[in-house]
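Student: Next come a sequence and a model predicted from it.
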Amino acid sequence: MKIESALADIVGATHVFDLTVRPGSTEEVARCLALLSHEKMPVVTVGGRTGLVDATRAEDGQVTLSTERLTGLHPVDVERRQVLCGAGAKLEAVQDWAGRKGLRFGVDLGARGSCTIGGNVATNAGGSRVLRYGMMRQNIAGLEVVLADGTVLSDLRGLPKNNAGYDLKQIFVGSEGTLGVVTQALLQLAPSPGASASALLAFASFDAAMKAADTLRSRYAQVLSAVEIMWRSYYARTARALLKDAPLPVSDEHPIYLLVQIEAGEETNDLLLAALEALDGVADGAVAQTAAQEAALWAIRDASEIIEHSHPRVLSFDVSLRPGDFAQYLVKVEVALARLPNPSTLYSFGHLCDGNVHFMIGYEPSGGQGDEAIEHCVYGPLADVQPSSISAEHGIGREKMHHLWRSRDAAEIDVMNRLRRALDPAGILNPHIRFEAL
Ligand SMILES: Cc1cc2nc3c(=O)[nH]c(=O)nc-3n(C[C@H](O)[C@H](O)[C@H](O)COP(=O)(O)OP(=O)(O)OC[C@H]3O[C@@H](n4cnc5c(N)ncnc54)[C@H](O)[C@@H]3O)c2cc1C
């Protein structure tokens, strides 16, 4: 109770309830963290809570710090193509804000309406347009972060070049709230491409889809915004659930589907058609003729939540490997899953050109078979594929922290912990996320 009233003195009584505090400014974040550090009180920072690795669930005695009031959007600097926004601003609100000035914020993902810029920074979010714009890291021109002791560390200069010492903002990108609380981000924008066009293509094999993706990348790199891959089980389940009895845009009998998007102003439609003509091995396809049809194709790709609700238990994975290693690796996962006593269903999709596959594996836990057996089927074969990573874009959280050693060596994990101790000696920031060597 004492800590709640001390926090209420800082942010106002209406912004503290059930050990959740909602600061309204950087200064209030700083005062809250200084207090919590002093009291050695653990704190969990939450944005939109769309993270997929169980990182924002507070345990008994942990204070939740919500960024929901830090939503300020400053005027867009059209000349420098930058915008300063509060950490709690929703990704979609920032995209719309930049769009009003004819600019685009390049990071995009299915959770755009709920996730926050602070969460995107803290997870180094990827998404469907990494191919064109890079991950969150490549789109950050400056950051303001509050350290555990309340120190405000600010680099909002937005200079494209600044080698005067370390680029400190970088260590907070992808740090999952373990090094500081992001309060503001200066985002780099790009010219808006104006128009978009998408096509859904079916292929008889992974190799045929890979060849098509390579052709698109080599000939249309300047205008290609996305090449998303779906394996049959994912496409069939999401498309049928969304469209019910209506016909599917492409039959669900093919092994592999690519969703291709081109954005190139007035030439967009012509370029998409030219790009499609350049491809070999397309077994079937549908080109969106209207914005609504394009949105419907993307809704199929973004409907992973349908899978979440399709089985008693669903585990999500997010591995990174070279695109050329996908096919062989997936066969090994399927073989390993088939050997388990309990049947399971594997749904795979992802960002083909980034070498990033998302798996969702649905099963019914029973007879002593739990999550570990499934994890073993995914991570065991991954060890044979190098280079690879257990987390391409979702981070570690609680869910993957016991597997960190599979993708980082002992020296890397040691330096992560040293950095953490240096910036947060009281160990209050997201202490439930632990970086453990084997
Ligand atoms: C339907 C759906 C689709 C998704 N698609 C993608 C995708 O394509 N690519 C991708 O990368 N992710 C994807 N995600 C995952 C998720 O949306 C991202 O990880 C997102 O960046 C999290 O933002 P958030 O605001 O919800 O963060 P939260 O879930 O609230 O928090 C995530 C982590 O960041 C920390 N954090 C949050 N805010 C701050 C802050 N201000 N300062 C410091 N730490 C903070 C939290 O403590 C936690 O560790 C998807 C999720 C869903 C539900």
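Tutor: Structure received.

Student: What parts of the stretch 301-438 of the chain come near the ligand?
Tutor: 304, 305, 393, 394, 430 (CB under 6 Å from any ligand atom). C-beta here means a position set from N, CA and C on the backbone, and glycine is covered the same way.

Student: So for the residue nearest to the spatial centre of the chain, what's the nearest residue that isn't a sequence neighbour?
Tutor: Closest residue to the average C-alpha location of the chain: residue 125 at 3.7 Å, with CA atoms, centre = their mean. The spatial neighbour of residue 125 that comes closest, neighbours along the chain excluded (CB to CB, 6 or more residues apart in numbering), is residue 136 at 4.8 Å.

Student: quick one: secondary structure of the residue nearest to the centre of the chain?
Tutor: coil (DSSP: H, G, I helix; E, B strand; the rest coil).

Student: Pretty sure it sits against residue 392.
Tutor: No. Applying CB atoms under 8 Å as the test, residue 125 and residue 392 come out as separate, 11.0 Å apart.

Student: Quick check: phi and psi on the closest residue to the ligand within the stretch 251-400 of the chain?
Tutor: Using CB to the nearest ligand atom, residue 393 is the residue of the stretch 251-400 of the chain that sits closest to the ligand, at 3.5 Å. Main-chain torsions, residue 393, degrees, to the nearest 10: phi -150, psi -10.

Student: Next up, the contacts around it.
Tutor: Contact partners of residue 393, counting by CB atoms under 8 Å, 6 or more residues apart in numbering, are 123, 124, 125, 126, 127, 135, 318, 356.

Student: rerun that using 7 Å as the cut-off
Tutor: Contact analysis of residue 393 by CB atoms under 7 Å, 6 or more residues apart in numbering lists 125, 126, 318, 356.

Student: which secondary structure element contains the closest residue to residue 392 other than its chain neighbours?
Tutor: In space, and not counting its chain neighbours, residue 392 is closest to residue 320: 3.6 Å by CB to CB, 6+ apart. Residue 320 belongs to strand 313-321 when assigned by DSSP states H and E.

Student: Buried ones in that strand, by neighbour count?
Tutor: Within strand 313-321, the residues that count as buried by 16 or more other CB atoms under 10 Å are 314, 315, 316, 317, 318, 319, 320, 321.

Student: Then stretch 159-168?
Tutor: Residues of stretch 159-168 classed as buried: none (neighbour count, 16+ other CB under 10 Å).

Student: Contacts for that stretch, please.
Tutor: 153, 155.

Student: Model confidence for residue 438, exactly?
Tutor: Residue 438 is assigned a predicted lDDT (pLDDT) of 85.

Student: swap in residue 1?
Tutor: Here, the pLDDT recorded for residue 1 equals 58.

Student: where are the low-confidence patches of the stretch 1-150 of the chain?
Tutor: For the stretch 1-150 of the chain, applying pLDDT under 70 flags the ranges 1.

Student: Quick check: residues of it near the ligand?
Tutor: Contact residues, the stretch 1-150 of the chain versus the ligand (CB under 6 Å from any ligand atom): 44-52, 55-56, 67, 87, 109-111, 115-116, 118-120, 122-123, 125-127.

Student: Report the buried members of those residues.
Tutor: 44-48, 50-52, 55-56, 67, 87, 109-111, 115-116, 118-120, 122-123, 125-127.

Student: Which of the residues you listed fall within helices?
Tutor: Within these, residues falling in helices by DSSP state H are 118, 119, 120, 122, 123.

Student: quick one: contacts for the nearest residue in space to residue 147 that is not next to it in sequence?
Tutor: Spatial nearest neighbour of residue 147, chain neighbours left out: residue 180 (4.8 Å); criterion: CB to CB, 6+ apart. Neighbouring residues of residue 180 by CB under 7 Å, 6+ apart: 145, 146, 147, 148, 153, 172, 423.

Student: hang on, the fourth one packs against residue 32?
Tutor: No. Counting by CB atoms under 7 Å, no contact exists between residue 148 and residue 32, whose distance comes to 10.8 Å.

Student: more neighbours, those two?
Tutor: residue 32 (25 against 22; other CB atoms under 10 Å).

Student: now that one: how far from the ligand?
Tutor: Taking CB to the nearest ligand atom, to the nearest Å as the measure, residue 32 falls 13 Å from the ligand.

Student: My reading is that that residue is in a helix; is that accurate?
Tutor: Yes. If the criterion is three-state DSSP, then residue 32 is within a helix.

Student: got the residue ranges for the strands in the stretch 1-150 of the chain?
Tutor: Listed in chain order, the strands found in the stretch 1-150 of the chain under DSSP state E, counting those that start in this stretch are 16-17, 20-21, 43-46, 63-66, 82-86, 103-104, 140-146.

Student: I'd like the ones you listed written out as JSON lines, with distance to residue 252 added.
Tutor: Listed next are those as JSON lines, based on distance: least, CB to CB, whole Å:
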{"stretch": "strand 16-17", "distance to residue 252": "47"}
{"stretch": "strand 20-21", "distance to residue 252": "44"}
{"stretch": "strand 43-46", "distance to residue 252": "38"}
{"stretch": "strand 63-66", "distance to residue 252": "41"}
{"stretch": "strand 82-86", "distance to residue 252": "40"}
{"stretch": "strand 103-104", "distance to residue 252": "33"}
{"stretch": "strand 140-146", "distance to residue 252": "39"}
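
Student: Figure out which of the ones you listed is closest to residue 76.
Tutor: With CB to CB as the criterion, residue 76 lies closest to strand 82-86 of those, at 4.7 Å.

Student: CA atoms of that closest one as PDB?
Tutor: Output of strand 82-86 as PDB, limited to C-alpha atoms (Å, rounded to 0.1, in the frame of the first residue of the first chain):
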ATOM      1  CA  GLN A  82      11.200  12.300 -39.200                       C
ATOM      2  CA  VAL A  83       8.500  12.200 -36.500                       C
ATOM      3  CA  LEU A  84       8.800  12.200 -32.700                       C
ATOM      4  CA  CYS A  85       6.300  10.200 -30.900                       C
ATOM      5  CA  GLY A  86       5.400   8.900 -27.400                       C
END
